[in-house]
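Peer 1: coordinates for the following, if possible.
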Amino acid sequence: MNDIKISVLGSEGVGKSALIVRFLTRRFIGEYASSSECIYRKRVSVEGRQVNLELHDPCSQPCEGQSTLNDQILWADGFIVVYDISDYASFITAKAVVHLIREIHLGAAKRDGDSLVFLVGNKQDLCHMREVRREEAQRLAAESRCHFYELSAAEQHQEVVLIFSKMVQNASLGGKAKERRRRPSGSKSVVKLINNVFGKRRKSV
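Peer 2: So this is what the prediction gives:
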């Protein structure tokens, strides 16, 4: 059974955890300040084959033992890079992350240079507060050979599922037998229960 590892990256408060939990449970949570990184696991079916999916959700705040961004990039098979359309600074961070992914993957001979990267503009429900023009994000995606999506994790469950499903399918099709890579240093070895997410203190959006 193949393993597919996906890292969800971006600035604090852009909705990384909200996207993951929306995909896994259909429920929407408000953004919260996570004090520990974690890996969610889910078994999915791709063209009749069972695949173990691992989703890495990094700390949204600096924390002891947190893996570096380079570790997270080297660990993952695919990347969902998230920004908030109402926060231009988060887009600048997303752009830097996309460029770093390309630099690391193109510079590592053992990895596929054309890695899977999805650029996702979240919080489309805050369109009246938009700071990032859709055309600018599309241009970045085209230049960086990324897939581009814009949505609202709060309002569009099906679109969130579509993004993760496409990522899993693409990673599965492009994934040959790879050496098993370690999880990002500092992440917990036990599976974090989804219910723990809802017990955390939530930060107002």
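
Peer 1: can you show me the strands along the chain?
Peer 2: 2-10, 38-46, 49-57, 78-84, 116-122, 147-150 (DSSP state E).

Peer 1: out of the ones you listed, the one nearest residue 141 is which?
Peer 2: With C-beta to C-beta as the measure, strand 147-150 is the member of those nearest residue 141 (3.6 Å). C-beta coordinates here come from the backbone N, C-alpha and C atoms, glycine included.

Peer 1: what separates that closest one from the chain centre, distance-wise?
Peer 2: Computed by C-alpha atoms, centre = their mean, to the nearest Å, the chain-centroid distance of strand 147-150 equals 12 Å.

Peer 1: before we move on, what about stretch 16-35?
Peer 2: 11 Å.

Peer 1: could you export stretch 155-165 as CSV, CA atoms only?
Peer 2: What follows is stretch 155-165, C-alpha atoms only, in CSV (Å, rounded to 0.1, in the frame of the first residue of the first chain):
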residue,chain,number,x,y,z
GLU,A,155,-18.6,28.0,2.6
GLN,A,156,-17.3,25.5,0.0
HIS,A,157,-16.9,22.0,1.3
GLN,A,158,-17.0,20.3,-2.2
GLU,A,159,-14.3,22.6,-3.5
VAL,A,160,-12.0,21.7,-0.6
VAL,A,161,-12.6,18.0,-1.2
LEU,A,162,-11.9,18.5,-4.9
ILE,A,163,-8.5,20.1,-4.1
PHE,A,164,-7.3,17.3,-1.8
SER,A,165,-8.7,14.6,-4.1
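
Peer 1: tell me which residues in that stretch are buried?
Peer 2: Using 16 or more other C-beta atoms under 10 Å as the test for burial, stretch 155-165 gives 156, 157, 159, 160, 163, 164.

Peer 1: cool, stretch 139-154 as well?
Peer 2: Buried residues in stretch 139-154 (16+ other C-beta under 10 Å): 140, 141, 144, 146, 148, 149, 150, 151, 152, 153, 154.

Peer 1: how long is that stretch from one end to the other?
Peer 2: 25 Å (C-alpha to C-alpha, to the nearest Å).

Peer 1: pLDDT weak spots in the chain?
Peer 2: In the predicted model of the chain, residues 1, 31-36, 59-67, 106-115, 174-205 satisfy pLDDT under 70.

Peer 1: 50 - rerun?
Peer 2: 63, 109-114, 176-182, 185-205 (pLDDT under 50).

Peer 1: residue ranges of the helices in it, please?
Peer 2: With DSSP state H applied, the chain shows helices at 16-25, 69-75, 88-107, 134-143, 157-174, 194-199, listed in chain order.

Peer 1: about what we covered before: name the nearest of the buried residues of stretch 139-154 relative to residue 117.
Peer 2: residue 146 (4.5 Å).

Peer 1: quick check: the farthest pair among the buried residues of stretch 139-154?
Peer 2: 144 and 154 (26.6 Å).
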